[in-house]
Every structure is written in C-alpha cells, then in structure tokens.
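Enquirer: can't give you the sequence, but here's the structure:
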Ligand code: GLV
Ligand code: GLV
C-alpha cells in the first residue's frame, strides 16, 4: 500500500523532512510558507490524507468546506487551536491533532524570561547599551522591581501555567491563580485560587496569561481589568494576542499605571501595532515561545506521529477531542 499522502503549509525541521521522505508520500516542502488559499489549492491538486499546518494557514468557515473529501486529518504543529474551526472540521469527518506537552517547558521558560525582563527593564537596558552607555546610572537611575518574593497571578493553570508556577517558586514568588476549576495539585504546591479574575487582579504584582485564545470573544484584559491591577504592576502575555485589548494596554503603559510589560503574542502577527513597539517599557519577542531546536523538532515529529497513527488506524497520540 502507498505511504500516507500528506501536504504541509510550511517546511518542517530537517529531522521531520527526512522522515517525510521515507515514510510518507508528499510534494517537496514549500520554499515559503503557504497561506490558506495556496494550501487549499495544493490539497485539491495532491489529494492528501493529512494536512500538516500551523497558524500561518488558518482553516475556518468556507476554507473548511474547500478541503477535498480525501482529507481525514488536520495535524497542527501548535498547541493552540484558535486558527481552526474544530466543530466544522469534525462535522466533515476530519480529525484534528495538535502538539501539547512537548512545548510546555519552553513556553514557561520564555514566560519567565518576559517576567524577569519586564520587572528588570531589560528592553531599556539593552537599548541603552546598544546605543552607547556613556553615563553611569547613579544610585537611583533606571531602577527596576525586585522579582523575588513578589505575587504572581497566573490566569489559566493548565500545563503551561503550572510550569510557570514551578519556575516562579524558584524565585520565591507567591502564586495566585484563576482557572475554570480549582486544582488540588496547584494548591498543594502553595498556589491560592481565585474563582473570579476581578478578585485576583488587585493582589498581583505580576500578571501572566496562560489560557487559549478565543478570537471571537471579547478580550479578557481591557481597560477595566487592567485598572484592577495595582499601580506599578507588570503584565506578561505569551499565550494569545486576542486575549488583550492592546489600546487599553498601551494606555496603561503610557499612563504609568503599569510599570512594564513582556509580550510574545499580539493581535496582529507579524507587524504588531507600532504604538506598542514604540513604548520603552515593554520587552517584546516574536511569538517564539516554542522556538527552540529541541521543542520545534519534537513538535514536528509529534505532528507526523499523529498522521502515521491515524493512517494505520491506531489511536493518535495527541488528538483534539473537543
Ligand atoms: C504556539 O503559539 C502554539 O500554539 O503552539
Ligand atoms: C499546554 O500544553 C497547555 O495547554 O497548557
């Protein structure tokens, strides 16, 4: 029998591309990543069993209808699913898989980096050094905030939220969390639960988001929720840009209500709002939470493991069931 047919929206890492050559039937990897229309065109032409993609090629609405009948699996190389219409895909009998777990630690590492960078003014220090450091800071110049012992509010205590809590405990931070449900494991590790986000916000020196994005819902962080954070607090987001009203964030940073922010994700990616980029007290990374050799390799391999399993009629390692 023929090896399973697959197409991909983007060139995968070499280990995965080597595996595609030996274990799958596939066109050559795209030189530039394919957006949705080009991916759908390729699907029509190549008649694949599986479509491997990332959030650079969203599949929603009529794009789901446009997938040919032969497609039985959409395997996304991401933990996030907000670029896919899961119910519509399932309604067409198309299974979906993602890549949870393998990116948890790297996202948590980057989140901790953003926390440290925002509290300790990494962006301003770095800019100063690059532009030439000619005058000492003196005793009171460009002071940041101590991280040790501060109160960290975590919104979304899933795998990543818990991995951030673990790191933050190494900095003697007090952990507060808001989540759909209480988690005994988190509380045994000393975290305090808040059923209502609004009740937690006033107690946070640093707030970090670790929940899925929902592009059609109103943003969780808006001028009202930002205003509930204490003056001088720090905001971090390595989850999804759709969770934040960026105008409200800009206003909170400009007015000095927030001391600083650390962001890995934006409403617009690439080309985030230039008013954000222009702010001095914000440390920004380009949606790079999972961007390590180890983790991206593991994500690509897991995406192929899912294709292979479904093609053989075996349970997929990481199916999306909701
Ligand atoms: C990254 O943003 C992911 O969803 O994996
Ligand atoms: C990531 O793996 C998460 O869903 O927390």
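Expert: Good, I have the coordinates. Because the structure is a prediction, the values reported are computed rather than measured. Ligands and ions are numbered 1, 2, ... in the order given.

Enquirer: surely residue 301 meets residue 15?
Expert: Yes - between residue 301 and residue 15 a contact is recorded at 6.7 Å, counting by CB atoms under 8 Å. For glycine as for every other residue, the C-beta is placed from the backbone atoms N, C-alpha and C.

Enquirer: so what's the residue in the stretch 1-150 of the chain that ligand 2 sits nearest to closest to, chain neighbours aside?
Expert: As assessed by CB to the nearest ligand atom, ligand 2 sits closest to residue 100 within the stretch 1-150 of the chain, at 4.1 Å. Among residues not flanking residue 100 along the chain, residue 79 sits closest, at 4.8 Å (CB to CB, 6 or more residues apart in numbering).

Enquirer: who touches the residue of the chain found nearest ligand 1 in this structure?
Expert: Using CB to the nearest ligand atom, the single residue of the chain nearest to ligand 1 is residue 80, 2.9 Å away. Applying CB atoms under 8 Å, 6 or more residues apart in numbering, we find residue 80 in contact with 55, 98, 212, 213, 240.

Enquirer: Please check the residues you listed and keep the buried ones.
Expert: Neighbour counting over those (16 or more other CB atoms under 10 Å) leaves 55, 98, 213, 240 as the buried ones.

Enquirer: Tell me the residues of this structure that contact ligand 2?
Expert: By CB under 6 Å from any ligand atom, the residues of the chain that approach ligand 2 are 79, 100, 101, 104, 158, 159, 160.

Enquirer: if we can go back for a sec, shouldn't the residue nearest to residue 100 be within a helix?
Expert: No - Residue 79: not assigned to a helix; according to DSSP: H, G, I helix; E, B strand; the rest coil it is coil.

Enquirer: Pretty sure it sits against residue 99.
Expert: Yes - counting by CB under 8 Å, residue 79 does reach residue 99; the two are 6.0 Å apart.

Enquirer: Residue 22 versus the residue nearest the centre of the chain, what's the distance?
Expert: Nearest to the geometric centre of the chain sits residue 239, at 3.9 Å (CA atoms, centre = their mean). For residue 239, the distance to residue 22 equals 36 Å [CB to CB, to the nearest Å].

Enquirer: what number of residues lie near the residue in the stretch 101-250 of the chain that ligand 2 sits nearest to?
Expert: Per CB to the nearest ligand atom, residue 158 is where the stretch 101-250 of the chain lies closest to ligand 2, at 3.1 Å. Applying other CB atoms under 10 Å, we find 18 residues neighbouring residue 158.

Enquirer: Strands of the stretch 151-300 of the chain, residue ranges please.
Expert: 151-155, 174-178, 192-193, 206-209, 233-237, 258-263, 282-284 (DSSP state E, counting those that start in this stretch).

Enquirer: tell me how far the ends of stretch 41-51 are from each other?
Expert: Using CA to CA, to the nearest Å, the end-to-end distance of stretch 41-51 comes out at 12 Å.

Enquirer: Where is the longest helix in this structure?
Expert: In the chain, taking DSSP state H as the definition, the longest helix is helix 293-311.

Enquirer: Dihedrals phi and psi, the residue of the stretch 1-150 of the chain closest to ligand 2?
Expert: Here is the backbone geometry of residue 100 (degrees, to the nearest 10): phi -70, psi 180.

Enquirer: That one contacts residue 160, correct?
Expert: No - taking contacts as CB under 8 Å, residue 100 lies outside contact range of residue 160: 9.3 Å.

Enquirer: So which of those two has more stuff around it?
Expert: Using other CB under 10 Å as the criterion, residue 100 and residue 160 rank with residue 160 on top: 26 against 18.

Enquirer: tell me the helices in the stretch 1-150 of the chain, going along the chain?
Expert: Counting by DSSP state H, counting those that start in this stretch, the stretch 1-150 of the chain has these helices, from start to end: 14-23, 36-46, 62-65, 86-91, 104-119, 122-131.

Enquirer: what's the closest of those helices to residue 266?
Expert: For the helices of the stretch 1-150 of the chain, the distance to residue 266 is smallest for helix 104-119, at 13.2 Å, taking CB to CB.
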